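Peer 1: This is the structure alone, sequence omitted:
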């Protein structure tokens, strides 16, 4: 397979004239294809369990205002089926679906929003200061929100979906708190912090700290495969540009790969681990037209440069999500004054 515009077997593009998805061979130009417009700036994507819907959290640009929207896209036709207003000015985060697919949770303008997907309406809007990331419990009864510390340590908050209120919090050891990933069937969570990755027990009403993964120092993001076979974290600060494999049995870590060192790897983000745990996808230089999704073999911890994805025809990539089939990667990024949703088959 040669290294051309997109190093994948196929790129899915929306045909403007027929509004149907068509397969485009690798090497075909992606710039100018009629991808789905999803707003001014896209910040997060969630994909339904059957892969038929993509939910994109984005901001629009209306005069001096930047209202948030959740747009529901039919991935088979590229059609925007619904758009749900999330509120006025404020950052929008990556959404998280409930296990039954009936609701979606999203952070917008320092609030946790509960959205009913049957009616595309906001059911609740709960204030939360300094939120960073969210995860939904395996049974769908709780939402976990990581919270930056403003004058003290960061926390993980527990949101009860029945009362639609925060019912507890666990304090972490550092004010810098970022991503969260569930593990062990939802019985545990791993949270990226400025002091390392913190292991939480989620089997109690309020999570409890089990320990901190060693010897990993600061981390920005953490991700787990759907089958609980793999856990990874991205390092930050002095460890920037490094990816770590986490051992949940011993709460230890080891360097699994490097991205070229801090000078060239300041903009790296975990995309996902494939469902079978065999591949890890990392977004590099997402804010550039040269945005690239790097692919790693998790069995050998080696880069697979011939499988890397690039040449998306966008000014940058702001959001990514791996589809449930493990073979479709969804990206959203800007081209000019609009962001577009694009799907690439791996």
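Peer 2: Arrived safely. Being a predicted model, the structure only gives us computed values, none of them experimental.
Peer 1: What are the boundaries of the strands in the stretch 151-300 of the chain?
Peer 2: With DSSP state E, counting those that start in this stretch as the criterion, the stretch 151-300 of the chain has strands at 155-160, 165-171, 177-183, 188-193, 196-201, 208-212, 219-224, 231-235, 242-247, 252-258, 268-273, 279-284, 292-297.
Peer 1: just so I know, which of those lies nearest residue 337?
Peer 2: strand 279-284 (22.2 Å; Cβ to Cβ). For the C-beta atoms, the positions are set from N, CA and C on the backbone; glycine is no exception.
Peer 1: Which neighbours in the sheet does the closest one have, and how are they oriented?
Peer 2: strand 268-273 (antiparallel), strand 292-297 (antiparallel) (DSSP bridges).
Peer 1: got JSON lines for those, with mean pLDDT too?
Peer 2: Compiled in JSON lines, the strands paired with strand 279-284 are given as follows (pLDDT from 0 to 100):
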{"stretch": "strand 268-273", "mean pLDDT": "86"}
{"stretch": "strand 292-297", "mean pLDDT": "92"}
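Peer 1: Kindly reformat those strands as TSV containing distance to residue 257 and mean neighbour count.
Peer 2: Below are the strands paired with strand 279-284 laid out as TSV (distance: least, Cβ to Cβ, whole Å; neighbours: other Cβ atoms under 10 Å):
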stretch	distance to residue 257	mean neighbour count
strand 268-273	11	22
strand 292-297	6	21
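Peer 1: how about those in a markdown table, adding distance to residue 245?
Peer 2: Output for the strands paired with strand 279-284, formatted as a markdown table (distance: least, Cβ to Cβ, whole Å):
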| stretch | distance to residue 245 |
| --- | --- |
| strand 268-273 | 10 |
| strand 292-297 | 10 |
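Peer 1: so how many other residues sit close to the residue lying closest to residue 203 once chain neighbours are set aside?
Peer 2: Once flanking residues are discounted, residue 203 sits nearest to residue 187: 5.4 Å by Cβ to Cβ, 6 or more residues apart in numbering. Other residues near residue 187 come to 14 when the count uses other Cβ atoms under 10 Å.
Peer 1: Touching, residue 187 and residue 202? I think so.
Peer 2: Yes - under the criterion of Cβ atoms under 8 Å, residue 187 makes contact with residue 202 at 5.8 Å.
Peer 1: Give me the below-cutoff pLDDT ranges for the stretch 101-250 of the chain.
Peer 2: 237-241 (pLDDT under 70).
Peer 1: again, only using 90
Peer 2: Scanning the stretch 101-250 of the chain with the threshold set as pLDDT under 90 gives 109, 149-152, 173, 194-195, 214-220, 225-230, 234-243.
Peer 1: For stretch 67-83, buried residues please.
Peer 2: Buried residues in stretch 67-83, defined by neighbour count with 16 or more other Cβ atoms under 10 Å: 67-75, 78, 80, 82-83.
Peer 1: Do you know the pLDDT at the nearest residue to residue 289 once chain neighbours are set aside?
Peer 2: Once flanking residues are discounted, residue 289 sits nearest to residue 315: 5.6 Å by Cβ to Cβ, 6+ apart. Listed pLDDT for residue 315 reads 95.
Peer 1: give me the element residue 315 is part of.
Peer 2: According to DSSP states H and E, residue 315 maps onto no helix or strand at all.
Peer 1: what residues are up against it?
Peer 2: Taking Cβ atoms under 8 Å, 6 or more residues apart in numbering, we find residue 315 in contact with 289, 333, 334, 335, 336.
Peer 1: so how far is residue 54 from the last one?
Peer 2: This means residue 336. 21 Å (Cβ to Cβ, to the nearest Å).
Peer 1: Give me the more crowded residue out of these two.
Peer 2: residue 54 (24 against 8).
Peer 1: Quick check: phi and psi at the more buried one.
Peer 2: phi -120, psi 130 (degrees, to the nearest 10).
Peer 1: how about it, what does it touch?
Peer 2: 45, 46, 47, 48, 72, 73, 75, 321, 330, 341.
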